[in-house]
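Undergrad: what would the 3D arrangement of this be:
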Amino acid sequence: MDVSTVGGSLKQFGDGAVRVRVMGTPRSGTNLAKYLVERYLKVPVVFDEGFWKHGIFPALMSGRDLQYGELPIVVMSKDPVTQLLSWYRLARNDGIFKPSGYLSSFLTGPFEIRQDFTEPKQMEYRYRNPSDYWNQFYFAMEALRRTGAPVHFVCYEELASFPASSLNSISRFLDLSSPFDAGSAVAMPQHALGASNDIDQAGSSTENQTPFDPARAELASALARIGWRNAMTILRDIDDDVMSATGRAGFRKMCRDAAGPAAMLRSLVGFW
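TA: All right, here's what the predicted structure looks like:
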C-alpha cells in the first residue's frame, strides 16, 4: 500500500475517527510516541486492541488475506545495544521480564517475556536470547510492511532528539490534511512516562518520576555502560537487514565509531 493512500482508508472506519496503532518492544518509546502523537497530531493512539503492542505480530488471516487490524501502524524502536541495556535494567526490577543476574548471562541466556507477571493467565513468550526477540519483533513488522500494510518505522533517538521532524514524518504517513510543521517547537514531557495500555491509562508524567532525558538513548553512553565485548555479543545475533528495516543501515560501523575508551575498559574490568 502506498503511504499516500493511508489517510483516505482511515476516514472510512465505522466511527469516522482517524486512529493509529503504535507498536514496539518494551522501552522502545511507545508511550512517548502516544504522548506526542495525541498531543500534537490530535490522533488517538491504540496500543492493545486485538493484539499486544509488545508481541510478535500475529498472522491474522481471513481466508488467504492477511489482516492487520485495519489501523495504520507506527513501529517504535531503539537500537539493539541501547535497547537490551534498558531491558536488563527492567529485568532486575521483576517486571514483564524475569529477573536476571549478570549482564553477560542476560545477553546469552533464554529470554522470557510475559504480558504481566503479577496476573494469572497471561500470554508468555520465550526466545533464544534477548537479541532473538529484538530480531523477530522487527523482522515481523518489516514483513508486514512488505505485504502492503501501512507500517511506518520511527527511531526512538530521532523522536527524542528531533520530535518535530518525526511528527512531520508520521503526519505524512497518516496523510493528514495539514502535515505537522517540521520547524515547530515541540515540548517534551518533563518526566519519564510510565507504562500504559488501552485499559490503564497511566502514561502521564508525575512529580515522583525521573526527569525525561533524551541522552539516555545515546549510543556512546550505552556502549560505555555495556562494554564493547557485550555489545559484540548483541550484534552477533542481530541481522543487518532487520537493523536496516528500522532505519539503522550501517549500525555496526556506527558502533565502532561511538565506542570510546570507556567501552573498551568496561570489557576488561569485568561483567555486571
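
Undergrad: over to Val43: give its phi and psi.
TA: phi -110, psi 120 (degrees, to the nearest 10).

Undergrad: any idea how many residues pack against it?
TA: Counted with other Cβ atoms under 10 Å, the neighbours of Val43 add up to 20. For every residue, glycine as well, the C-beta is placed using N, CA and C.

Undergrad: that one and Ala33 touch, don't they?
TA: No - look at Val43 against Ala33 with Cβ atoms under 8 Å: they stay out of range, at 10.8 Å.

Undergrad: how about low-confidence regions in the protein?
TA: Applying pLDDT under 70 to the chain flags the ranges 1-17, 93-95, 99-100, 117-118, 198-209, 215-216, 262-272.

Undergrad: residue boundaries of the helices in it?
TA: Using DSSP state H, the helices of the chain run over 6-10, 30-36, 80-91, 103-108, 130-146, 156-161, 163-173, 219-226, 228-236, 240-245, 251-258, 261-269.

Undergrad: hmm, who's touching the fifth one?
TA: The set of residues external to helix 130-146 that reach it, using Cβ atoms under 8 Å, 6 or more residues apart in numbering, is 23, 25, 54, 56-57, 66, 68, 73, 75, 77, 80, 83-84, 87, 106-107, 111, 113, 125, 127, 151, 153, 234, 236-239, 241-242, 245-246.

Undergrad: put the buried members of those into a ChimeraX selection.
TA: A single ChimeraX command selects the buried members of those (16 or more other Cβ atoms under 10 Å):
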select :23,25,54,56,57,68,73,75,77,80,83,84,87,106,107,111,113,125,127,151,153,234,237,238,242,245,246
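
Undergrad: any chance of the helices of the chain in JSON lines, with distance to Phe212 too?
TA: Shown next, in JSON lines, are these (distance: least, Cβ to Cβ, whole Å):
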{"stretch": "helix 6-10", "distance to Phe212": "30"}
{"stretch": "helix 30-36", "distance to Phe212": "8"}
{"stretch": "helix 80-91", "distance to Phe212": "14"}
{"stretch": "helix 103-108", "distance to Phe212": "25"}
{"stretch": "helix 130-146", "distance to Phe212": "23"}
{"stretch": "helix 156-161", "distance to Phe212": "8"}
{"stretch": "helix 163-173", "distance to Phe212": "11"}
{"stretch": "helix 219-226", "distance to Phe212": "15"}
{"stretch": "helix 228-236", "distance to Phe212": "25"}
{"stretch": "helix 240-245", "distance to Phe212": "26"}
{"stretch": "helix 251-258", "distance to Phe212": "22"}
{"stretch": "helix 261-269", "distance to Phe212": "24"}
